[in-house]
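Undergrad: this one's sequence-less:
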């Protein structure tokens, strides 16, 4: 499961592949082309078959885009990957630029010339993206050309085959709701929007809707597929039949009409030809989907994927599964922490060995399906890179005297976990303890918050930062993301962030992960998963309130806490949390680890 990005590199990337692409573009009469790190589903994890950006440039990060013109090119990555891009990419061929500070649209606006044609793969760029690109091209007097096929595919030798991971039925005993009932729920939403049908492009939406799971991509149990759901009648599922056993095919045939992926465009065209009003999510659906519908006379209803919100609001069965998964995962993590405390002071551990050891403890549960994302194992300065991914080249020994940050998660059939802990290794400075405690105060503020219905994540985000702000500090990532039920560890639409505009609802699972990252020195982040719940009435209160139930049950490192900076209320929260951890997890441990946990959760 664990893999560094070094294992994925291709020494022939860069100039040789850029030359092949330019020759193909010339043959097609195109002056430029955009290569996003994306597949037709806008997936977080892109299967090898769709790793065109990696084929072209060598870059394996999770966010990026390359732009190729006749005599110029660049790769654009965000701040998480400024180190990685230098290690992986031929910067003479693809100079690296910051995806946010110098976006590709600005780069194109400065370089496109009148009469030029810029190509994009119609399935890899969303409706919303293409609107921006068309405006840029229009201003330059250029033309944006949406392509039904990808020029890279014509020159990519030995391109991997599309994944055909087997699909499994997800039992209602874990899903908590039958697929037919979910379909009826979505059809009701379509009626409210006066849409005749909707198009689903997100594999996790499709997996949730039909109560299936897949194995097409790493870390997330997704069946790559498309679907259309009519307001009345059976949905259509477009999925490679090789993924379906006879029993799975039979079960799905009761729910939906089954088609091969190659039939998807013709199915969209048929919807358009019928004059249907079709709902698409413009931030997720490729422009090719919209064009296939409107090109045959259909109309579009632009709205958020109707599955996102029902999927985000977990039912009680899903929540109970999450609670069970987190208890199991916490026991594995505590076993790891006990081992780490014994081994780290010896000075022999490094980022990779620690990552592998944590996975070993999770594997020992006997029910681990996968890790839920690439583990962030950050020693010293690497911990200050908030989304760092270890490589053989960057792998550091874990030093004494600095905090060590490890952010990891697991996929179990009954739930998805995600936890970050920052750990003391040897004696740490007063400044490190101060920074840790300021982050802890923000974490406690979110966990203990009470807020009225209708509150958004953006409104809560300030609570996590205020202690840091009062010290003149901050962090540059969101405070929390949504988490799925044996699905994606990064799930929308809920989030706690400056951009979190969706009201939080009971049943949503979110991370709570403030941090602080002094550049080049160390990183601190503390992350638990929380469930939005109906909160107990507040004496004298006038409105019903919501709050959080904490799922994650792993101790905070008390050696890094400056107790003088905690209020009594915060200290009470910490003691109460540690009491709950001890009561829930200690019975699952062997004697040595149980004794370690008792020490780690002592009252302060």
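TA: Arrived safely, thanks for sending. If you're wondering where the values come from, they're calculated on a predicted model, not measured in any experiment.
Undergrad: Now the residue nearest to the spatial centre of the chain: closest residue in space that isn't a chain neighbour?
TA: Among the residues of the chain, the one closest to the centroid is residue 490, at 3.3 Å (C-alpha atoms, centre = their mean). Of all residues not flanking residue 490 in the chain, residue 481 sits nearest, at 5.1 Å (C-beta to C-beta, 6 or more residues apart in numbering). C-beta: built from backbone N, CA, C; applies to glycine.
Undergrad: Now do the contacts for that neighbour.
TA: Neighbour list for residue 481: 490-492, 495-497, 510-511 [criterion: C-beta atoms under 8 Å, 6 or more residues apart in numbering].
Undergrad: Which of those scores worst on pLDDT?
TA: Note: of these, the lowest pLDDT belongs to residue 492, at 93.
Undergrad: Could you tell me which strands sit next to the helix or strand that contains that one in the sheet, and their orientation?
TA: According to DSSP states H and E, residue 492 maps onto strand 491-496. Strand partners for strand 491-496, identified by DSSP bridges, are recorded as strand 480-482 (antiparallel).
Undergrad: could you give the mean pLDDT of the strand it pairs with?
TA: The average pLDDT within strand 480-482 is 98.
Undergrad: again, but for stretch 54-70
TA: Rounded mean pLDDT across stretch 54-70 is 94.
Undergrad: Would you indicate which residues of that stretch are buried?
TA: By 16 or more other C-beta atoms under 10 Å, the buried positions in stretch 54-70 come out as 54-69.
Undergrad: Out of the residues you listed, name the ones that lie in strands.
TA: Counting by DSSP state E, the part of the buried residues of stretch 54-70 found in strands is 64-69.
Undergrad: Let me have the residues you listed in TSV, extended by distance to residue 194.
TA: Output for those, formatted as TSV (distance: C-beta to C-beta, whole Å):
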residue	distance to residue 194
64	39
65	36
66	41
67	39
68	42
69	43
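Undergrad: Go through those residues and say which is closest to residue 22.
TA: Nearest to residue 22, judged by C-beta to C-beta, of those is residue 68 at 6.7 Å.
Undergrad: List the contacts of that closest one.
TA: Taking C-beta under 8 Å, 6+ apart, we find residue 68 in contact with 18, 21-22, 25, 32-35, 56.
Undergrad: what's stretch 421-431 in contact with?
TA: Here stretch 421-431 has contacts from 333, 337, 340, 344-345, 383, 398-406, 436, 439, 523-527, 554, 556-557, 559-560, 562, using C-beta under 8 Å, 6+ apart.
Undergrad: From the residues you listed, which land in helices?
TA: The helices, defined by DSSP state H, take in 333, 337, 340, 436, 439 from the contacts of stretch 421-431.
Undergrad: now for these, which pair is the farthest apart?
TA: The two members of the ones in helices among the contacts of stretch 421-431 with the most space between them (C-beta to C-beta) are 340 and 439, at 19.7 Å.
Undergrad: So if I had to pick from these two, which one is more boxed in?
TA: residue 439 (25 against 21; other C-beta atoms under 10 Å).
Undergrad: Please report how far the more buried one lies from residue 354.
TA: Going from residue 439 to residue 354 by C-beta to C-beta, to the nearest Å gives 21 Å.
Undergrad: got it, and residue 331?
TA: Distance from residue 331 to residue 354, by C-beta to C-beta: 18 Å.
Undergrad: What about residue 139, how many residues nearby?
TA: Neighbour tally, residue 139, other C-beta under 10 Å: 11.
Undergrad: pretty sure it is in a helix, no?
TA: Yes. Residue 139: assigned to a helix according to DSSP: H, G, I helix; E, B strand; the rest coil.
Undergrad: Return the distance of stretch 183-201 from the chain's centre.
TA: Distance of stretch 183-201 from the chain centroid (C-alpha atoms, centre = their mean, to the nearest Å) equals 25 Å.
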